[in-house]
Structure formats: structure tokens, C-alpha cells
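K.L.:
could you work out the structure for the sequence below:
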Amino acid sequence: MSLQEILSPAIFEAIQKQFSATIEKIEYQATRKDFEGDITVVIFPLLKTIKGNPVDIGTKIGTYLVENIKEVEKFNVVAGFLNIVISDAYYLDFFNSIKENSTFGFVSASANNGNANAVMVEYSSPNTNKPLHLGHIRNNLLGYSVAEILKAAGKKVYKTQIINDRGIHICKSMLAWKKYGEGQTPESTGLKGDKLVGNFYVQFDKVYKAEISALMAQGKSEDDAKKLAPSLIEAQQMLLDWEAGKPEVIELWKTMNQWVYDGFEKTYTNLGVDFDSYYYESNTYLLGKEVVQFGLEKGIFEKDPDGSVWIDLTPDGLDRKIVLRSDGTAVYMTQDIGTAIQRVKDFSDVGGMVYTVGNEQDYHFKVLFLILKKLGFAWAENLYHLSYGMVELPSGKMKSREGTVVDADDLMEEMTATAKSISEELGKLDGYSDAEKDNLYKTIGLGALKYYMLKVDPKKSMMFNPEESVDFAGNTGPFIQYTYARIQSILRKADFDLSVTVALDTIHSKEKELLKQIALFPQVIQDAASNHSPALVANYTYELVKEYNSFYQTVSILGEENEAKKIFRVQLSNKVAETIKLAFQLLGIEVPERM
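P.N.:
Model prediction:
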């Protein structure tokens, strides 16, 4: 039973008896470090109902709690804050109740009736004309982590992506391969397929820019030069041939896309993310057409004289949005409408969706969600755009067409190499085999990358500094991993049964602080799920680790002479390690047994 569950009924009762008043809710917060107390009741909101001095009100409530609740030892009131001191016995009982629960904080979907309302989380959603880059890493890590957090909060979750496998950008890579690299394959070049195709996309852009410059030198305006460049005209013709189903174009498209898919899969495996289903734009871009027809019949959409179909969202504070071109072809919005509906057909228990897409698409998703609501889909009330800010490097923004992006595979390799360099400098790997060292370097490097990305609120843009992220001190992944490994070292040295229940009358203040931090974990998971924010889990873990290191520096653990205290401190250390591991699991980060 949580402290709030114990205290709230007694506080409601105290207010009724002392002031003949009824309140709707009680506002709690953690007690500030500079005051004595474990949990604080904020008195100020009560003044709307109870007239009087906040100190007097807090004193009367505190006195009632001490007299009627055995868990409350004493209290103090500072201005409008009632600071409550909870007994050691409560925290010892709490610890013994969770000691053997290796998934404390997690809620199973069946226990939460999650099967009745599954959530589909979309992330990654790349184009098939280039490899994954730093921006995709943030997208994948956010989407994967939010999916894991929702599962831990009790939801049934499906992970999916929509692959943008058609359009002019794909044809640019295909055309460049035909003109400048025909015969080259991933096998013949030794390149991952996505990198090979991405190289041709960059090559197309170089040729295209040169053609524009040449046309402008002949007196053409920049706009005209862009439209008249021979390479673009050829790419546009290739797109028309693809849409017409020209066999040789379709065959090349399938071949080059498969190269990319094979390359993506290696990146996903290395990054540690996975998917339950895949959707392809080439299959879904026509799906929305029949929905548009349905919407026309219902008066939700309207047809202009040129044959194009629109929806007027100006009464909702938005604008008119096209959903079908005059020639009958689909736009992105049409595709997204159809894809959403198809997903619910494929997974009938889906009651909501999370779209992990950058904040430049904020308006698009406002429109999409509103259209789906107007079409009458009940699940459209539970759609969420996990909007995130861009990632930049100290060197500046990335540009795909110019080939200046930070490749995802290269970055992961760099992170592993940086972890290796720092680990070797620290010189703590005696007795490790080469394979164990390599595995540890990868665990530390990827842990650093993921934690640095996920500790920032998703909505914020961020600067990624690879070297700073691998620091073994401060709010970093390696610092937390090192604390976990330190605890594992303690556990290996402990020569007693960790499952025994010890009898203690009191606990050290540092032990109490640790237990208070552990007790927060279930609510942190629920809050992170509600806010779709892995940052809440990441920063909670850092606070837990800081608290543990303070405990470690203050009290003796294995050197403690009192046997009961020694066992309890090792058990407490074990529970901290378990919580770190569970929290990092939600972030997709592994923890090493030794460092």
C-alpha cells in the first residue's frame, strides 16, 4: 500500500472532523531536503474550502495523523506545507513486501485488462533511398522506449513502421545507379545495401546541381533550371514508368529496395530495436481512396470543380486540406488515413496509436487526427503524435542530399571505440577475454548513446556530443552502468542467503532515502507512459544511482559487524540493482555484470 493510499483517507477524515469540510483531492510532494520529513501535504489548495491560517490547518491535520495512523511518527509545518515523518517500520514492511518481486513497478497487460485496448506505436519509418542517420536513431530509441514503457504500464503494445518506399526520391537513386553504377551490388562493393543506395542518391544530387548551374549560365532562371535539368526529367519519367508498372523499372525498384531493407535490418539489430509489423507506402498509398469516397458521400469531404477533393477544417481553427488530387492520385494525407484504418483492421484490439515523428510534422498530425475523428472512428480519440525535436552535432545541422549526415552505423561504431578508449585508460579490465572486452565496449558505448538521447525531454531539440555521453561521471549511461556493476561485485562477495527476512527496529537515514526512491518507481513508469517520455525514467534512474552512491559512501555494507544490518544492506543494494536493470530495460539499455 502506497503512502498516499494510507494517508489520504485519514486526511479526508481529519478535514471532515476538524473543519466540517469536504475536499476533492490532496496535493502531495516530496519533502524538501532541508526539512525533516518523508512526504509533504500542500496546504494552500485547501484554503479554497477551509478558511484559516495554513500553519494552524496543517498542525491540526498533522496532530490527527500522529494520533490515528501508526505509520506517522511526527510532523512539522513550514508555512503552507505539512511535512510528515514516516516510521522506519513502514519502510521495512514495504521493503520486505517487494524484496522478492523482480519486476516491481511493472504491470502486466492482463492484470490491467490491457488486451481490450492495445496501443500501436509507430517509429523509424525511413525512406529507402539512404541509410539511417542520427535523426533516425533518436526516432527509433524514442519509439522503442515508449513502446516498452507502455507495456510496463500495463498496455498491450504493437510496434510498427511505415516504410516510404516510393516516390521521386527513390527514383533518383535508381536512375543514378543505372547511369553511373550499373552492375554494382552490396556483394561486389562490400557495402551495406542502404549505404550503396544512399551513395547514388548523393551522386544524383551532385549531377543535378551541376546541371542547374549550367542552365543558369545559359540564362535560365533558377526555378526554370531546376525544372528543366535533364536528370530530374529522367527521374520524373522513371516515376511515371513505376506507376504504370513497367516491368524493368519495377524489378530494379524491388532489387534496390531489398538491398536497403537488408541494410536497415542490420542497423536495427545493432541498435537493439524491433518491430511486430511493417507497412509499405507502395501498398498503402491507394488505401485511403475508398475512404475519401465514403467521406464524400457523408459530406465530410467536398469536391472542387477541377475534381480534387478537400476537407474544410477552418471551423476547427485549421485550413482546407487536399485529400485527393484532381487527377485522382493520393497525397500523403490520403495514405496516412488509409494506413491507420488498415492497421485497426489488421489488429482489431488496437484502441489507440502513437506516431513517433519529428516536430516539423506537428500540423500534419493535427489534421490527420481530426479527419479520422470526423470519419467517426472511436479509436481516433486515442491518437498521439510523439513529436520530438531535431538532433544536432557540435559541427552543425545534417543534410542528406549533400552526404553530410551522421550515419547511424558509423556513430554506433564510434561510440564503441570511444568506450574502448576510456575503458582502457581506466585499466579495470584485467582477466577479461578479448570477446568479453568487445562485448563490454559495445554495451557501454550503446548505453552512453541511448541514455544521452533519452534523458532529454522528447519535445526539445538537442545537441549530441559523443565524447560527453561516454563520461563515467555525471548524468550519463556509463555512470549508471558502473554503479550497477559495483553492486554486482558486492553481491558476488556476499556469502549468505539473500532471501532471508531480517528483523530490524530502525534503519539508517541513507537506507530510508533509498527506499523512498525505490518506492517511486511504479509511479514513474505510469507518468512516463502518460507523458510518452522516456526522459522521466532516465532521470529517475540517475537520481536513484546518486542516492545509492551517497549510501555507499556513508555506511559500511560488507564490513558491517551487525549481521542483520549487513544482510539488509546487501539486500537493499540488490533491489537497487534490480530497479536500475528494469529502468534501463525500458530504455533499451543493457547493464554489465562487471566493468
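
K.L.:
buried stuff in the host helix or strand of residue 210?
P.N.:
According to DSSP states H and E, residue 210 maps onto helix 193-217. Within helix 193-217, the residues that qualify as buried are 193-205, 207-208, 211-212, 215, counting by 16 or more other CB atoms under 10 Å. To be clear about C-beta, it is placed using only N, CA and C from the backbone, and glycine gets the same treatment.

K.L.:
who's in contact with stretch 371-380?
P.N.:
In this structure, residues lying in contact with stretch 371-380 by CB atoms under 8 Å, 6 or more residues apart in numbering are 291, 294-295, 298, 300, 311, 313, 321, 323, 333, 337, 340-341, 344, 350-353, 369, 381, 383.

K.L.:
go again using 6 Å as the cut-off
P.N.:
300, 351, 352 (CB atoms under 6 Å, 6 or more residues apart in numbering).

K.L.:
same thing with stretch 341-358?
P.N.:
The contact list for stretch 341-358, computed with CB under 6 Å, 6+ apart, reads 117-123, 139, 142-143, 158, 287, 379, 382-386.

K.L.:
ok, stretch 59-77 next?
P.N.:
Contacts for stretch 59-77 (CB under 6 Å, 6+ apart): 6, 10, 14, 18, 55, 58, 82-87, 90.

K.L.:
please compute how far it lies from its chain's middle.
P.N.:
The chain centroid and the centroid of stretch 59-77 are separated by 41 Å under CA atoms, centre = their mean, to the nearest Å.

K.L.:
send the alpha carbons of it over as PDB?
P.N.:
Presented in PDB, the C-alpha positions along stretch 59-77 are these (Å, rounded to 0.1, in the frame of the first residue of the first chain):
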ATOM      1  CA  THR A  59      -0.900  21.500  12.600                       C
ATOM      2  CA  LYS A  60      -4.400  20.100  13.200                       C
ATOM      3  CA  ILE A  61      -4.200  17.700  10.300                       C
ATOM      4  CA  GLY A  62      -0.700  16.600  11.400                       C
ATOM      5  CA  THR A  63      -1.800  16.000  15.000                       C
ATOM      6  CA  TYR A  64      -4.800  13.900  13.800                       C
ATOM      7  CA  LEU A  65      -2.400  11.800  11.700                       C
ATOM      8  CA  VAL A  66       0.000  11.200  14.500                       C
ATOM      9  CA  GLU A  67      -2.800  10.100  16.800                       C
ATOM     10  CA  ASN A  68      -4.600   7.900  14.300                       C
ATOM     11  CA  ILE A  69      -2.100   6.500  11.800                       C
ATOM     12  CA  LYS A  70       0.600   4.200  13.200                       C
ATOM     13  CA  GLU A  71       2.900   4.900  10.200                       C
ATOM     14  CA  VAL A  72       3.100   8.600  11.000                       C
ATOM     15  CA  GLU A  73       5.700   9.300  13.700                       C
ATOM     16  CA  LYS A  74       5.700  13.100  13.800                       C
ATOM     17  CA  PHE A  75       5.300  16.200  11.600                       C
ATOM     18  CA  ASN A  76       6.300  19.800  11.200                       C
ATOM     19  CA  VAL A  77       4.600  22.700   9.400                       C
END
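
K.L.:
pLDDT of that stretch, averaged?
P.N.:
Mean pLDDT, stretch 59-77: 97.

K.L.:
stretch 487-494 too?
P.N.:
The model assigns stretch 487-494 a mean pLDDT of 96.

K.L.:
list the buried ones in it?
P.N.:
By 16+ other CB under 10 Å, the buried positions in stretch 487-494 come out as 487, 488, 490, 494.

K.L.:
wait, which of those residues is closest to residue 532?
P.N.:
residue 487 (30.2 Å; CB to CB).

K.L.:
right, and the closest one touches residue 571 too?
P.N.:
No: the pair residue 487 / residue 571 is not scored as a contact, 11.3 Å apart, by CB atoms under 6 Å.

K.L.:
what about the stretch 401-550 of the chain, any weak spots by pLDDT?
P.N.:
Residue ranges of the stretch 401-550 of the chain with pLDDT under 70: 401-404.

K.L.:
next one: the stretch 151-300 of the chain
P.N.:
For the stretch 151-300 of the chain, no stretch is flagged by pLDDT under 70.

K.L.:
now the helices: where do they sit in it?
P.N.:
Taking DSSP state H, counting those that start in this stretch as the criterion, the stretch 151-300 of the chain carries its helices at 168-180, 186-189, 193-217, 222-228, 230-243, 247-271, 281-284, 288-297.

K.L.:
repeat that for the stretch 451-595 of the chain.
P.N.:
466-469, 477-493, 509-519, 521-531, 534-554, 563-586.
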